[in-house]
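Enquirer: Please work out how this folds:
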Amino acid sequence: MAEHLRRWHNARRCPLDLPGRCHNQAARVTMAHMTTEVSRITVPRFMAFKQAGHKIAMLTAYDYGMASLVDAAGIEGILVGDSMSMVVQGHPTTLPVTLDEMIYHAEMVGRAVQRALVVVDMPFPCGHLGSYQAVEAAGRILKETRCQAVKLEGGSEQREVIRALVSAGIPVMAHCGLRPQSVHQLGGYKVQRDAERLMADALAAEEAGAFAVVLECIPAALAGQISRRLSIPTIGIGAGAECDGQVLVLHDLLGLTPGSVPRFVRRYADLGQAVLQAVGQFRDDVRHGRFPGPEHTFR
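Expert: Numbering: from 1, shown residues only. The predicted model follows:
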């Protein structure tokens with residue numbers, strides 16, 4: 001991680017920050033290396049990972065600081081997810097978050113990211129108001145943030161909307177299986193097992209022009225069948241290891257989500273406990289006069 005951060009810091013430096021001008025070969029080589037370091041992952045490059053057998057790692061991010069770190073770690077894709085409604089805003093579902101709020105957070109993420117492909121969720125109900133309004137909403141996302149694509153929940157029933165977005169030059173990542181925006185219709189966050197419907201949805205999304213499809217909470221064997229059938233990448237979340245990539249909510253991965261997390265989550269850190277300990281230590285130091293000390297005081 002330290003090496004990733006060092007490279008990220010160097011790559012973000014403006015050429016004007018370098019001492020002097022690039023008059024010698026060594027400086028030119030350094031500049032060429034920096035350019036390589038920040039080579040942006042485009043939609044075509046993202047799609048090509050599947051044929052190359054390169055597994056794709058994606059995470060959510062919702063602000064500048066976290067997006068900077070996720071990007072520096074070498075993640076291929078960053079999703080500004082409507083999961084923000086739950087993990088940032090504290091709502092019980094993804095439904096309350098608005099288009100303006102998605103754009104506000106996506107703009108912060110877009111400013112931070114130098115390498116990863118940035119995808120932004122179309123919030124409810126933007127994808128269900130007709131093709132014209134979907135294009136208008138997605139157009140705002142691309143114009144007002146620095147993202148490269150949008151994600152849209154739905155498969156067969158969203159075929160025409162996906163086609164309209166792609167025709168407008170807006171790359172679309174589809175989302176099949178468990179669709180959090182349809183949680184009330186689905187009766188909760190449940191594993192989706194209708195193999196015929198799920199295969200049809202994924203194929204419809206590809207046919208309409210989606211460059212990738214998220215498969216959420218479906219049986220692993222079925223996700224494998226879909227992944228082998230499609231020519232575009234599948235990004236799994238609770239869909240097993242045979243998908244072409246995986247995505248998780250960053251707060252879940254870092255242990256920042258209070259309470260239980262879904263079965264498909266692996267917690268790679270327990271930052272929630274670390275934050276509690278740090279804040280508690282600060283509280284005690286203030287109460288007992290241990291902070292601020294002489295080293296924290298101006299003379």
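
Enquirer: Spit out the contact partners of residue 237.
Expert: Contact partners of residue 237, counting by Cβ atoms under 8 Å, 6 or more residues apart in numbering, are 214-217, 246-248, 264. For the C-beta atoms, the positions are set from N, CA and C on the backbone; glycine is no exception.

Enquirer: neighbours around residue 287, how many?
Expert: When counting by other Cβ atoms under 10 Å, one arrives at 9 neighbours for residue 287.

Enquirer: separation between it and residue 131?
Expert: 60 Å (Cβ to Cβ, to the nearest Å).

Enquirer: now swap in residue 42 and tell me
Expert: Counting by Cβ to Cβ, the gap from residue 42 to residue 131 is 25 Å.

Enquirer: Let me know the closest of the contacts of residue 237 to residue 195.
Expert: Nearest to residue 195 among these, counting by Cβ to Cβ, is residue 215 at 12.1 Å.

Enquirer: who does that closest one bridge with?
Expert: residue 176, residue 236 (DSSP bridges).

Enquirer: Show me what counts as buried in the longest helix along the chain.
Expert: The helix that spans the most residues within the chain, counting by DSSP state H, is helix 271-287. By neighbour count with 16 or more other Cβ atoms under 10 Å, helix 271-287 contains no buried residues.

Enquirer: Which residue ranges of the stretch 51-200 of the chain form helices?
Expert: In the stretch 51-200 of the chain, the segments counted as helices under DSSP state H, counting those that start in this stretch are 64-72, 84-87, 99-112, 131-144, 159-167, 183-186, 195-208.

Enquirer: Highest mean neighbour count across those, which stretch is it?
Expert: Stretch with highest mean neighbour count among the helices of the stretch 51-200 of the chain: helix 84-87 (a mean of 22; mean count of other Cβ atoms under 10 Å).

Enquirer: can you list contacts of it?
Expert: By Cβ under 8 Å, 6+ apart, the list of residues contacting helix 84-87 reads 60, 62, 91-97, 101-102, 105, 123, 249, 251-252, 256-257.

Enquirer: Which among those residues count as buried?
Expert: Of the contacts of helix 84-87, these count as buried by 16+ other Cβ under 10 Å: 60, 62, 94-95, 97, 101-102, 105, 123, 249, 251-252, 256-257.

Enquirer: Show me those that map onto strands.
Expert: Among these, the members falling in strands (DSSP state E) are residue 60.

Enquirer: Looking at the buried ones among the contacts of helix 84-87, which is nearest residue 158?
Expert: Closest to residue 158, out of all of the buried ones among the contacts of helix 84-87 and judged by Cβ to Cβ, is residue 123, at 14.6 Å.

Enquirer: where does the protein dip in pLDDT?
Expert: Where the chain drops to pLDDT under 70, the residues are 1-38.

Enquirer: run the last query once more with 50
Expert: Applying pLDDT under 50 to the chain flags residues 1-2, 4-5, 8-9, 11-36.

Enquirer: Identify the bridge partners of the spatially most central residue of the chain.
Expert: For the chain, the residue sitting closest to the mean C-alpha position, by Cα atoms, centre = their mean, is residue 79 at 1.7 Å. On the basis of DSSP bridges, residue 79 is bridged to residue 60, residue 119.

Enquirer: so who does it touch?
Expert: Contacts for residue 79 were tallied using Cβ under 8 Å, 6+ apart; they are 58-61, 119-121, 151, 247.

Enquirer: cutoff 7 Å now
Expert: 58, 60, 119, 121, 151, 247 (Cβ atoms under 7 Å, 6 or more residues apart in numbering).

Enquirer: just curious, which of these is nearest to residue 187?
Expert: residue 121 (22.0 Å).
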